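>>> heads up, no residue letters with this:
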């Protein structure tokens, strides 16, 4: 507990309870130290993947989860979506290296309250944690500048209305150049399920093959290939 004095009266208020979720041990250790040294934060626990983060939150709900977007087993996006359903009072601050629009939109759809890049200074991350805990939405400045365009694009009729919501999510990652393995990790699905979704997408889009579907999706403005995108193979 923390104490603050007002008009001669001591008022007790709880520290912000935080769960740290990142699969990289060195970065996770740095986040843990940052949280432990902040006088107004309390570390609930740390997780190596999305499933461990979910288990921690279910056992002892925190105020904020510092969540890596891409982790093995259950991804940060999948874990965020599950938390939004099960524990809506737990706010997720996505902390990631990924700057592409597809990842940002996926995090927002899952229910993330903030999106900050891992290159941010510790004081910026702490400020973001406090803002999210207070109910605010916070984004990296460079990404925030792109949000209006993303919101406007989201209001247009979807170019392939025959696709289901899950198929749309798969197509967006497909169009961004991600492999089935990466798509499965991002969406918390099995590779078999992703393959089945890709097959259904090809049929519904009347695309001859995967590259044809990617080209059609990009021409429709669904996603631009990231700088490290794989080929269309």
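Done, it's in. Worth saying up front: this structure is predicted, and the values here are computed from it rather than measured. Residues are numbered from 1 along each chain as shown.

>>> From residue 211, how far out is the spatially most central residue of the chain?
Central residue of the chain (CA atoms, centre = their mean): residue 107, 3.5 Å from the mean position. Distance of residue 107 to residue 211, given as CB to CB, to the nearest Å: 27 Å. Using the backbone N, CA and C atoms, a C-beta is placed for each residue, glycine as well.

>>> Likewise for residue 168?
With CB to CB as the criterion, residue 168 and residue 211 are 19 Å apart.

>>> So for those two, which residue has more residues nearby?
Comparing residue 168 with residue 211 by other CB atoms under 10 Å, the one with more neighbours is residue 168, at 18 against 12.

>>> and whichever strand or helix holds the more buried one, average pLDDT?
Assigned by DSSP states H and E, residue 168 belongs to helix 165-175. Mean pLDDT, computed over helix 165-175, is 88.

>>> What residues sit buried inside it?
Within helix 165-175, the residues that count as buried by 16 or more other CB atoms under 10 Å are 167-175.

>>> just the residues you listed now: which is nearest residue 113?
residue 169 (19.9 Å; CB to CB).

>>> quick one: contacts for that closest one?
106, 109, 187 (CB atoms under 8 Å, 6 or more residues apart in numbering).

>>> quick one: which of the residues you listed is most hemmed in?
When neighbours are counted by other CB under 10 Å, residue 106 leads those with 26 neighbours.

>>> gap between the nearest residue to that residue once chain neighbours are set aside and residue 197?
Distances taken as CB to CB, 6 or more residues apart in numbering place residue 77 nearest to residue 106, at 5.1 Å, with adjacent residues excluded. Distance, residue 77 to residue 197, using CB to CB: 16 Å.

>>> Among the contacts of residue 169, which are located in helices?
By the criterion of DSSP state H, membership of those in helices covers 106, 109, 187.

>>> In the protein, what residue spans correspond to helices?
Counting by DSSP H, residue ranges of the helices within the chain are 25-37, 50-59, 76-86, 101-110, 122-133, 141-144, 147-155, 165-175, 180-187, 191-205, 210-219.

>>> Remind me what the third one packs against, helices and strands.
I take that to be helix 76-86. Counting contacts by 3 or more CB pairs under 8 Å, 6 or more residues apart in numbering; DSSP states H and E, helix 76-86 packs against helix 50-59, strand 64-67, strand 91-96, helix 101-110, helix 180-187.

>>> Other residues contacting the first one?
What that stands for is helix 50-59. Residues outside helix 50-59 that contact it (CB under 8 Å, 6+ apart): 19, 21, 44-45, 47, 62, 65, 67, 71, 73-76, 78-79, 82-83, 86-87, 90, 188.

>>> buried sites along it?
Neighbour counts using 16+ other CB under 10 Å place 50-54, 56-57 of helix 50-59 among the buried residues.
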